[in-house]
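Participant: Turn this into a model:
(4 chains)
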Protein chains: 2
Amino acid sequence: MAESSNAIGVAESRTELSNRSRASQGFPFGTTLDWRRLTQIQGLSLRQSVINKPTTVLRQGQIASSFFVLVDGWGVKYKQLGNGRRQILSFLLPGDPATLGALSQQPMAHSVQLLPDSVVDEFDPDAINRKVQDSEDLQAFISATYDNELARADELLTSLGRRSAKERIAHLMLEFDARLSSRSAIVDGYIVMPLRQRHLADALGLTTIHVNRTLRALRDENLIDVRGGVLRILHRDRLVALANFEDSYLSVGTLPA
Amino acid sequence: MAESSNAIGVAESRTELSNRSRASQGFPFGTTLDWRRLTQIQGLSLRQSVINKPTTVLRQGQIASSFFVLVDGWGVKYKQLGNGRRQILSFLLPGDPATLGALSQQPMAHSVQLLPDSVVDEFDPDAINRKVQDSEDLQAFISATYDNELARADELLTSLGRRSAKERIAHLMLEFDARLSSRSAIVDGYIVMPLRQRHLADALGLTTIHVNRTLRALRDENLIDVRGGVLRILHRDRLVALANFEDSYLSVGTLPA
DNA sequence: GCCGAAGCTTAAAATTGGTTAATTCAGAAA
DNA sequence: TTTCTGAATTAACCAATTTTAAGCTTCGGC
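Facilitator: Below you'll find the model as predicted:
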């Protein structure tokens, strides 16, 4: 095809790119970005592990030793500050890559910890990098993952900067719900959420005490019920209204359904 | 080389990858991630424009039409919320890509605005995507850019979540200083910073009034002087101590000097 | 069944930061 | 010059959130 630079030509070549990205080379990245599909490829996974106790798989300032994919359970990506302060940057859910930075083999500015009862698959970053060279789909999948992570970081940023404590909590719970739903990991409206109030506080820029109060307020209003490691969304529409929740940011990077 | 899985074997093959990434294909991504080098490539840039008035080059929910590189000036990446609230997600400085998302041609969850007196270079995303297929270096450069943007988003998140107003402002000013220095864009200790207090407020999760108060306090302490679109860092060491500023996050993605 | 640790809950008191509102200032337009 | 507008500044007051300090509950280990 000629390298035309008029509007129509550009549009055509975009369509072509789009098709190329969708072409099946093992990683058509449809409506989800579920890295567990990497587990399916024969001989690529080094091992699968069950996590018993909180396990740090990456320390800030260090290079990730392996590329980990969270198969089941929860993880947190965070920064530790001097005076004991901690900021949780993102929560890892099943299907998420835990150490994306392993691919670039450079020191990262954050730590990653997996919570008990998680399951991870471990890969050799070089093996993946070699595969990337052969697969445009895998390249696109990685870029899409980056876009998605950035979009979520940006939304959390928005919560911390411009939402009230109540809105932040409501918003985060709705995000969990949406992310887990899209990977069909919700049973009976229960969400198993093994987080302490401390986790929510450290993610949302609040104190545990205020998280506690706010959770109580949300429960009193019959919106959500967080208790015993289980999250129940009781009245989603009112919750969505309260938080001004708009789920489109979660599909940044994915292709339309 | 055999696919050995012991520690030494893995380390060796990592070294090999590292060398491959450094190999010169036009984008060895040394100690900076300056996208203006893309401008040098003959016939790739569509046009260069000087921005007179605030110009939105990407609207949230839409697909970026072009890949823009900020050659000179300032830009903001932000989210607009319902009730008039705005959250600035990142400031764009010379050398930064303004619409990285143009490469994936998918709707973005944020907007990008360039401020007056900026200069941008405009590229056809498809042309770049074609080049990516031929150049492992360019692929690595893009990944490095993503890593870097994520690291900066994470640091801002940390500011909003766990730093006081004073620390936030001090930290941001030091980031500007560091980012501009690494691209040798500072003259005589002056930093031309055409931002309103509103910009700082919307980035740092504060009100303009409080930003004003805090700037005043910092000026009274002889730490910085922000006035008339110019930032002066008066006493860097004390400022670094106040903000607990640690610049390593800014080199995430780049190779050691 | 007791104990200790971790997590949760509650209640002041203290602080940070937000709101409202009025004043000044600088530059553009008339 | 005068006027107009957006931005910066200041002050007084107020609200949200943190801090501090207890008490309480749950649960695994002994």
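Participant: Isn't A:E136 up against B:Q133?
Facilitator: Yes: counting by C-beta atoms under 8 Å, A:E136 touches B:Q133, with 7.1 Å between them. To be clear about C-beta, it is placed using only N, CA and C from the backbone, and glycine gets the same treatment.
Participant: These two: which is more packed in?
Facilitator: Neighbours were counted for A:E136 and for B:Q133 using other C-beta atoms under 10 Å in any protein chain shown; A:E136 has more, 18 against 12.
Participant: Check the gap between that one and A:L44 for me.
Facilitator: A:E136 sits at a distance of 18 Å from A:L44 (criterion: C-beta to C-beta, to the nearest Å).
Participant: Repeat that for A:K166.
Facilitator: From A:K166 to A:L44 the distance is 44 Å (C-beta to C-beta).
Participant: Ok, A:D121 next?
Facilitator: A:D121 is 9 Å from A:L44, by C-beta to C-beta.
Participant: intersection of neighbour lists for those two?
Facilitator: Common contact partners of A:D121 and A:L44 (C-beta atoms under 8 Å, 6 or more residues apart in numbering or on different chains): A:L38.
Participant: Show me which of these two is the more surrounded one.
Facilitator: Neighbour totals were compared for A:D121 and A:L44, and A:D121 leads with 21 against 15 (other C-beta under 10 Å).
Participant: Secondary structure of A:L70: a strand, I assume?
Facilitator: Yes: note on A:L70: a strand contains this position according to DSSP: H, G, I helix; E, B strand; the rest coil.
Participant: is it true that it touches A:S90?
Facilitator: No: taking contacts as C-beta under 8 Å, A:L70 lies outside contact range of A:S90: 11.7 Å.
Participant: the more surrounded of these two?
Facilitator: Comparing A:L70 with A:S90 by other C-beta under 10 Å, the one with more neighbours is A:L70, at 26 against 20.
Participant: Report the beta-bridge partners for that one.
Facilitator: Beta-bridge pairing of A:L70, defined through DSSP bridges, involves A:V120.
Participant: who touches A:L150 in this structure?
Facilitator: A:L150 neighbours (C-beta under 8 Å, 6+ apart): A:V252, B:Y146, B:E149, B:L150, B:A153.
Participant: From the structure, what's the count of residues near the third one?
Facilitator: Think B:E149. B:E149, neighbours per other C-beta under 10 Å, totals 24.
Participant: Okay, it and chain A: tell me how far apart.
Facilitator: Using C-beta to the nearest C-beta, to the nearest Å, we find B:E149 at a distance of 6 Å from chain A.
Participant: Need the nearest residue in space to that residue, chain neighbours excluded.
Facilitator: In space, and not counting its chain neighbours, B:E149 is closest to A:L150: 6.3 Å by C-beta to C-beta, 6 or more residues apart in numbering or on different chains.
Participant: if I've got this straight, the one you found is in a helix?
Facilitator: Yes: A:L150: assigned to a helix according to three-state DSSP.
Participant: Let me know the pLDDT of it.
Facilitator: Note on A:L150: pLDDT of 97.
Participant: Also A:N6?
Facilitator: A:N6 is assigned 32 on the pLDDT scale.
Participant: contacting residues around the residue lying closest to A:P94 once chain neighbours are set aside?
Facilitator: Sequence neighbours aside, A:D72 is the residue nearest to A:P94 in space, at 5.1 Å (criterion: C-beta to C-beta, 6+ apart). With contact taken as C-beta under 8 Å, 6+ apart, A:D72 is in contact with A:P94, A:D117, A:S118, A:V119.
Participant: Neighbour count added to the residues you listed, as JSON lines?
Facilitator: Converted to JSON lines, the contacts of A:D72 look like this (neighbours: other C-beta atoms under 10 Å in any protein chain shown):
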{"residue": "A:P94", "neighbour count": "20"}
{"residue": "A:D117", "neighbour count": "15"}
{"residue": "A:S118", "neighbour count": "24"}
{"residue": "A:V119", "neighbour count": "16"}
